[in-house]
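Chemist: Got a predicted model here, sequence first, then my questions.
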Amino acid sequence: MDAIEVEGLRRRYEAADGGTRRGNGGSQGGFEAVRDVSFSVREGEIFALLGTNGAGKTSTVEVLEGLARPTAGTVRVLGFDPFTERSYVRPRTGVMLQEGGFPSELTVEETATMWAGVTSEARPPREALEIVGLGARTQVRVKQLSGGERRRLDLALALIGRPEVLFLDEPTTGMDPEGRRDTAELVRQLRAEGTTVLLTTHYLEEAEQLADRLAIMQAGRIVASGTPEQVVAERPSRITFRLPPGTEARELPLTVQAAVEGRRVSVRTHDLQPVLTELLVWAREAGVTLENLQARSASLEEAFLEIAQAGNRRDGEPKGSKGPKGPRRNAWTGAKA
Ligand SMILES: Nc1ncnc2c1ncn2[C@@H]1O[C@H](COP(=O)(O)OP(=O)(O)OP(=O)(O)O)[C@@H](O)[C@H]1O
């Protein structure tokens, strides 16, 4: 069964919300941040929503969390409408927001205890803190935590209600490599226990390693989706080497479509093995060595950058350009702070 179903989702910020951009997303004024997005997440799956800044990830996830009503389309979490049937959905989901907004004078343990107090069937606060590696920091005030430790606390609070569906909005931002690795391990462990995880992240390597499936958003739309392998497979592989001394680029085999910059040759191809073979046979017959030879499939990062750049060329917008935006949400109320 699908734990999350999104069908034809649209979300428009009206001019009154601060969305004053015209001519981008319709003629009625306001700004359409999510434009006909559809995807589903199976029970027990880790699904990553990727995209450049302002692509519409948070605007989508907020609807799934029941914090905002869709302008059009339907959304179901565990079979319910998260906005109109919030009371059925909320106790079974965990939400880790981009900024917790917790009272910074409280200690870590007091914060977790307070959160457990408003959560049904909560884990013991200490257990949640141990899970995220804050067991030794329980008496520290929230304001004294590092950025990465705060993210761990946010995660502990999201886990306190033993959620069936967990929303993680950029969970590892600000964490050191160890924190990122621990979080990835924890997310895998949660999946093994049957938890469904929807995650947004800017760390593409993390998404590549963690996600069962993913979708890349660009200007409010999904522009690529599938398993990480499927998304990457659509992109060309790359062969690079240095042009051997005494040879010219025009001497390279004709089937090898190469870009040459100085002596550095770069070949992009969807047929890595035959093109590489041809190149190696040519080098052997010419009696030359291809220095610094590297051949590799595209990474998710390369696929992502290519998709983002193509989108920017289409939109005529620089990378990361954003519309007007309200402040981040407050975890206590779920409202824009
Ligand atoms: N309250 C708001 N009023 C008007 N526009 C908004 C509002 N909130 C977000 N937007 C705009 O909607 C678009 C999508 O924003 P959103 O936060 O969903 O993107 P994102 O993909 O989560 O970005 P990031 O990676 O930076 O978190 C952006 O252009 C943003 O400026």
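Modeler: Arrived safely.

Chemist: What about residue 60, how many residues nearby?
Modeler: Neighbour count for residue 60, taken as other CB atoms under 10 Å: 28. C-beta: built from backbone N, CA, C; applies to glycine.

Chemist: same deal with the one 4 residues further on?
Modeler: If you count neighbours by other CB under 10 Å, residue 64 ends up with 26.

Chemist: doesn't residue 76 make contact with it?
Modeler: No. Here residue 64 does not reach residue 76: they are 9.3 Å apart, not a contact under CB atoms under 8 Å.

Chemist: Now list whatever residues contact both of these two.
Modeler: Contact with both residue 64 and residue 76 is made by residues 4, 82, according to CB atoms under 8 Å, 6 or more residues apart in numbering.

Chemist: Are we agreed that residue 94 is in a strand?
Modeler: Yes. Membership of residue 94 in a strand is supported by DSSP: H, G, I helix; E, B strand; the rest coil.

Chemist: For the residue lying closest to it once chain neighbours are set aside, give its distance to the ligand.
Modeler: Nearest residue to residue 94, sequence neighbours excluded (CB to CB, 6 or more residues apart in numbering): residue 163, at 3.3 Å. Using CB to the nearest ligand atom, to the nearest Å, residue 163 is found at 21 Å from the ligand.

Chemist: and residue 163, what does it touch?
Modeler: 92-94, 195.

Chemist: Excluding chain neighbours, what is closest to residue 207?
Modeler: residue 48 is the one closest to residue 207 (CB to CB, 6+ apart), at 4.1 Å.

Chemist: For stretch 103-111, buried residues please.
Modeler: 107-111 (16 or more other CB atoms under 10 Å).

Chemist: and these, which of them are in helices?
Modeler: Those of those mapping onto helices are 108-111, per DSSP state H.

Chemist: mind checking the SS state of residue 35?
Modeler: Quick answer, by three-state DSSP: residue 35 is strand.

Chemist: out of everything not next to it in sequence, what's closest to it?
Modeler: residue 220 (3.9 Å).

Chemist: The one you found against residue 56, yeah?
Modeler: Yes. Assessed by CB under 8 Å, residue 220 is found in contact with residue 56 at 4.4 Å.

Chemist: what residues do the two have in common as contacts?
Modeler: Shared contacts of residue 220 and residue 56 (CB under 8 Å, 6+ apart): 33-35, 37.

Chemist: Quick check: which ranges of the stretch 1-150 of the chain have low pLDDT?
Modeler: The stretch 1-150 of the chain contains residues with pLDDT under 70 at 16-28, 98-101.

Chemist: for the stretch 151-300 of the chain, same thing?
Modeler: For the stretch 151-300 of the chain, the stretches with pLDDT under 70 are 256.

Chemist: which residues of it fall in strands?
Modeler: In the stretch 151-300 of the chain, the segments counted as strands under DSSP state E, counting those that start in this stretch are 165-169, 196-200, 213-218, 221-226, 237-242, 258-261, 264-269, 291-296.

Chemist: what's the first one packed up against?
Modeler: Contact here means 3 or more CB pairs under 8 Å, 6 or more residues apart in numbering; DSSP states H and E; on that basis strand 165-169 packs against helix 57-64, strand 93-96, helix 147-159, strand 196-200.
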